[in-house]
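Asks: just coords:
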């Protein structure tokens, strides 16, 4: 069932199996606040099992662009269009969040972002390939993030 993320009252609904569920819920709420404030968009997630096409889309980009396979179990996904961008998110049981920003217009910005929940280790498959910068969030504590630019067409 789809769930609209409430960033005023952070909830671990759908993320309970994560060992860093509270931090992951804060990270998800941080994303919801961003989209509400910037685009007046309600950030809605669904169980990953209900949207295998979304998981396949992200997995295809990761595999094709960087030969990456994420070991963690996907818990929730979100996919929407806002301001000429197709945004796709996967929230993983490990505390990892991956987003794909894909401009619908040719020549626009296209990138994959990684965010690590407070308290989780850098996943082995990302540790040697990416450097993670830190940012503070009232909702999520310390978020570590990295990204790469998408070169192909998806």
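Replies: On my side now, so go ahead. Every value quoted in this text rests on a predicted model; they were computed, and no experiment measured them. Numbers count the residues shown, from 1 in each chain.
Asks: and residue 16, how many neighbours?
Replies: Look at residue 16: counted by other CB atoms under 10 Å, it has 11 neighbours. C-beta here means a position set from N, CA and C on the backbone, and glycine is covered the same way.
Asks: To clarify, my last question referred to residue 2.
Replies: Around residue 2 there are 11 residues (other CB under 10 Å).
Asks: please renumber so the chain begins at 57
Replies: Renumbered: residue one is now 57, and that last one reads residue 58.
Asks: Mind jotting down where the strands sit in this structure?
Replies: Remark: strands assigned in the chain by DSSP state E are 59-60, 100-103, 130-138, 141-148, 152-159, 166-172, 189-193, 197-205.
Asks: Which secondary structure element of the protein has the lowest mean pLDDT?
Replies: strand 189-193 (a mean of 85; mean pLDDT, DSSP states H and E).
Asks: I would like the residues contacting it, please.
Replies: Contacts with strand 189-193, where a contact means CB atoms under 8 Å, 6 or more residues apart in numbering, come from 82-83, 86, 198-202.
Asks: got the buried residues for it?
Replies: Within strand 189-193, the residues scored as buried using 16 or more other CB atoms under 10 Å are residue 193.
Asks: strands paired with it, and their directions?
Replies: strand 197-205 (antiparallel) (DSSP bridges).
Asks: quick one: average pLDDT of the strand it pairs with?
Replies: Mean pLDDT, strand 197-205: 91.
Asks: Distance of the nearest residue to residue 147 once chain neighbours are set aside relative to residue 121?
Replies: Distances taken as CB to CB, 6 or more residues apart in numbering place residue 132 nearest to residue 147, at 4.5 Å, with adjacent residues excluded. Look at residue 132 and residue 121: by CB to CB, to the nearest Å, they are 23 Å apart.
Asks: quick one, which of those two is more surrounded?
Replies: Set residue 132 next to residue 121 and count neighbours by other CB under 10 Å: residue 132 wins out with 27 against 16.
Asks: quick check: longest helix of this structure.
Replies: helix 77-95 (DSSP state H).
Asks: Which positions in that one come out as buried?
Replies: Going by 16+ other CB under 10 Å, helix 77-95 has these buried residues: 77-89, 91.
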